[in-house]
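1. Task: produce atomic coordinates for the following.
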Amino acid sequence: MLDLLLHVRDHLLLAGSALAVALAAGLPAGVAAARHPRLRGLTLGAIGTARVIPSLAVLALMLPLIGIGFLPAAVALTLLAIPPIAIAADAGLRGVPAEVRDAARGLGFSDRQIRRRIDWPLALPVVFSGVRTATVEVIASATLAAFIGGGGLGEYIVNGLAGADMPTLLEGAITVAALALGADASLATVERRLAARTNIPLEKGTIWSTAAA
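-> Sure, this is the predicted structure:
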């Protein structure tokens, strides 16, 4: 049991590290694509190209560049997580109704206030759906890290396959599935709560409903 918990820890550390870096890179990329139409095609095109590359192929490409271990696995998972986050950020921000922005400007809001109090609150449910997708994909794909010495629950699967040890293989596979499903269910609950927040206060005593917009 202790060995399993240690592998779960390593698996979550790897996935969490990749997601943190992906958020730091994917959100600005999505914002840039949403705010600068001229850059949008290039940015999303590059992101879309990266998304179609299989995770195992990315891991293989990391070998001659970085070697084996935690770092190349984290880099590969980061590249996997950036596209859904960036695409969701772009879609969420571009989906904010223009009428709501115009109403805010009519009330004297600055561009910075509009971004902080209008754009991001309205876009957040869509953006969070991209984070949810990225989280599940990274947790599931982190099993591949075992092929390059990255650790995690993938070691159970690799060892089980190598030794024809079905109990060990299933122990790793079921645990990974449970982590991915648990993360998906938890983030889905948060996503629903964010989506239910449809009212944005524009000034004291004034509420604009996004549903009405």
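
2. Number of residues surrounding A88?
-> Residues lying near A88 (other CB atoms under 10 Å) number 24. Just so you know, the C-beta spots here come from the backbone N, C-alpha and C atoms, and that holds for glycine as well.

3. buried residues in the host helix or strand of it?
-> Assigned by DSSP states H and E, A88 belongs to helix 70-94. By neighbour count on 16 or more other CB atoms under 10 Å, the buried set for helix 70-94 is 70, 72-94.

4. CA-only coordinates of the helix or strand immediately after it in the chain in PDB, if you can.
-> Using DSSP H and E, the helix or strand that follows helix 70-94 in sequence is helix 98-106. Output in PDB follows, covering the C-alpha atoms of helix 98-106 (Å, rounded to 0.1, in the frame of the first residue of the first chain):
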ATOM      1  CA  ALA A  98     -20.500  42.900 -27.100                       C
ATOM      2  CA  GLU A  99     -23.600  44.400 -25.600                       C
ATOM      3  CA  VAL A 100     -22.300  43.700 -22.100                       C
ATOM      4  CA  ARG A 101     -19.000  45.400 -22.800                       C
ATOM      5  CA  ASP A 102     -20.900  48.400 -24.400                       C
ATOM      6  CA  ALA A 103     -23.100  48.700 -21.300                       C
ATOM      7  CA  ALA A 104     -20.000  48.700 -19.100                       C
ATOM      8  CA  ARG A 105     -18.300  51.400 -21.100                       C
ATOM      9  CA  GLY A 106     -21.500  53.400 -20.900                       C
END
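
5. If we go by neighbour counts, what in helix 98-106 is buried?
-> 100-101, 103-104.

6. how about the strands of the chain, start to end?
-> Secondary structure of the chain (DSSP state E): strands located at 199-203, 206-209.

7. Among those strands, show the one with the smallest mean pLDDT.
-> Confidence, taken as mean pLDDT, is least for strand 206-209 of these (a mean of 36).

8. and the longest helix belonging to the chain, what does it pack onto?
-> Among the segments of the chain that qualify as a helix by DSSP state H, the longest is helix 2-35. Applying 3 or more CB pairs under 8 Å, 6 or more residues apart in numbering; DSSP states H and E, we find helix 2-35 packed against helix 37-52, helix 70-94, helix 120-141, helix 154-162, helix 166-196.
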